[in-house]
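S.K.: Any chance you could fold what I've pasted below:
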Amino acid sequence: NPLMTRRQLRFTLVTHLELTGMAFLLLADNALGRPAEIWPLLPSDLIEITQGPDTRRPIAGFVFSGPRGERLTYAPEEIVYLRHPSPVSLVYGASPIEAAAHAFDIDLAVRVYQRNFFRNSARPDIVLQTDQRLTEEEARRLLTRWNQKHQGLTHVFEPTLLDNGLKAQPLAYSAKDFEFMALAGWTQDNLLAAFGVPAAKLGLVKDVNR
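M.R.: Below is the predicted model:
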């Protein structure tokens, strides 16, 4: 079609098929009644399949819900329907991700947790404590001096002197933050197994040799 290259069309088709278990292509005819353009119908989960009267005609039509709420009906010969087999339906398809639904939900929760951790948990590595009351100018001067003394590779492991009753207190992070990272690896393995994709195909070569 005028908006897609062959690669873009195939990529869209495979994306729908793997995520929803179904992919629908609309064949648009030219003036001679022959297919001239191929358009993917998306999203696939907004298409209803009208079942036919018997097994000789299992599908009677497709009803597509448009972006503005309109409902468009297509005849079976207008649609190329691709699907993964479903254990509960002879007409509708099933995505491989349904077999790993719990792993997918956990993986999504882990990623949201990690994003919110870095967005909301604005915790420094170290705290400078003192019982004395510092003015804003003194606090700014102290932090500036500390950063100049210890930030950067050239100042790694340099000693320091603390005055005015200052104490340096490192902040410890919970072990659950590292457990979430390990959990992300577990869900990744389950999702790869559901789609039958070797980890090496994604560049994850930690378990193979050259």
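
S.K.: Find the residue at the geometric middle of this structure.
M.R.: Closest to where the C-alpha atoms of the chain average out (CA atoms, centre = their mean) is residue 108, at 7.1 Å.

S.K.: what secondary structure does that residue sit in?
M.R.: The three-state assignment at residue 108 reads helix, by DSSP: H, G, I helix; E, B strand; the rest coil.

S.K.: The one 10 residues further on now?
M.R.: Reduced to three states with three-state DSSP, the structure at residue 118 is helix.

S.K.: Now do the buried residues in the helix or strand encompassing residue 52.
M.R.: Take DSSP states H and E as the rule and residue 52 turns out to sit in strand 47-54. Going by neighbour count (16 or more other CB atoms under 10 Å), the buried part of strand 47-54 is 47, 49. Every residue, glycine included, has its C-beta placed from N, CA and C.

S.K.: What pairs with it, parallel or antiparallel?
M.R.: Listed by DSSP bridges, the sheet partners of strand 47-54 and their directions read strand 57-65 (antiparallel).

S.K.: average pLDDT across the strand it pairs with?
M.R.: Strand 57-65 carries an average pLDDT of 89.

S.K.: ditto for stretch 4-23
M.R.: Computed over stretch 4-23, the mean pLDDT rounds to 92.

S.K.: residues in contact with that stretch?
M.R.: Here stretch 4-23 makes contact (CB atoms under 8 Å, 6 or more residues apart in numbering) with 1, 24-25, 38, 40, 42-45, 47, 81-84, 86, 92-98, 195.

S.K.: In strands, which of the residues you listed appear?
M.R.: Here DSSP state E is the test, and those give 24-25, 38, 40, 47, 81-83 as lying in strands.

S.K.: least confident pick among the residues you listed?
M.R.: For the ones in strands among the contacts of stretch 4-23, the weakest pLDDT value sits at residue 47, with 84.

S.K.: List the beta-bridge partners for that residue.
M.R.: Bridge pairing for residue 47 (DSSP bridges) gives the partners residue 64.

S.K.: Distance check, it against residue 29.
M.R.: From residue 47 across to residue 29, the span is 20 Å (CB to CB, to the nearest Å).

S.K.: How about residue 163?
M.R.: Distance from residue 163 to residue 29, counting by CB to CB: 85 Å.

S.K.: So between those two, which is more surrounded?
M.R.: residue 29 (11 against 7; other CB atoms under 10 Å).

S.K.: my guess is that one meets residue 35, correct?
M.R.: Yes. Look at residue 29 against residue 35 with CB atoms under 8 Å: they come within range, at 6.0 Å.

S.K.: quick one: common contacting residues for these two?
M.R.: The contact lists of residue 29 and residue 35 share no entry, where a contact means CB under 8 Å, 6+ apart.

S.K.: show me what contacts residue 95?
M.R.: By CB under 8 Å, 6+ apart, residue 95 lies in contact with 18-21, 84.
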